[in-house]
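Q: no sequence on hand, only this structure:
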């Protein structure tokens, strides 16, 4: 899974590998994505991509079994959307 972000400062799209390569800094303007805990942010972004890829692969394997059920999308996407909404709300509260 490739996670795409938009940097609030320069407005450019950035992929997680670019952030990893630049040690938590924007590849376009060189500014850090967080004032504190840059290493922790990089680690969390990397873990997010790895987990997303693992989830995609697991669901692909499940689909390959042609099971007699349908996964309720909200049970998978709901918690993810909730966290993304929390992130967006935090950015708005911070004035970004």
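A: Perfect, thanks for sending it. All figures in this text were calculated on a predicted structure; none of them were measured in a lab. Residues are numbered from 1 along each chain as shown.
Q: make it CA atoms for all contacts and neighbour counts henceforth
A: Fine.
Q: quick check on residue 32: phi, psi?
A: Taking degrees, to the nearest 10, you get phi -70, psi 150 for the backbone angles of residue 32.
Q: so it sits against residue 25, correct?
A: Yes. With contact defined as Cα atoms under 8 Å, residue 32 reaches residue 25; the gap is 4.0 Å.
Q: quick one: buried residues of stretch 77-96?
A: Of the residues in stretch 77-96, none is buried under the neighbour-count criterion (16 or more other Cα atoms under 10 Å).
Q: avg pLDDT for that stretch?
A: Across stretch 77-96, pLDDT averages out at 86.
Q: contacts for that stretch, please.
A: The contact list for stretch 77-96 (Cα atoms under 8 Å, 6 or more residues apart in numbering) reads residue 8.
Q: now it, how far from the centre of its chain.
A: Relative to its chain's centre, stretch 77-96 lies at 12 Å (Cα atoms, centre = their mean, to the nearest Å).
Q: mind checking the SS state of residue 51?
A: helix (DSSP: H, G, I helix; E, B strand; the rest coil).
Q: that one and residue 2: what is the separation?
A: 11 Å (Cα to Cα, to the nearest Å).
Q: same check, this time on residue 16
A: Distance check for residue 16 against residue 2: by Cα to Cα, it reads 7 Å.
Q: give me the common contacts of the two.
A: Contacts common to residue 16 and residue 2, judged by Cα under 8 Å, 6+ apart, are residue 49.
Q: what about these two, which has more around it?
A: Legend: neighbour count by other Cα atoms under 10 Å for residue 16 and residue 2, higher for residue 16 (18 against 12).
Q: where does residue 35 sit: helix, strand or coil?
A: Under three-state DSSP, the three-state class of residue 35 is coil.
Q: any regions of this protein where pLDDT drops low?
A: 96 (pLDDT under 70).
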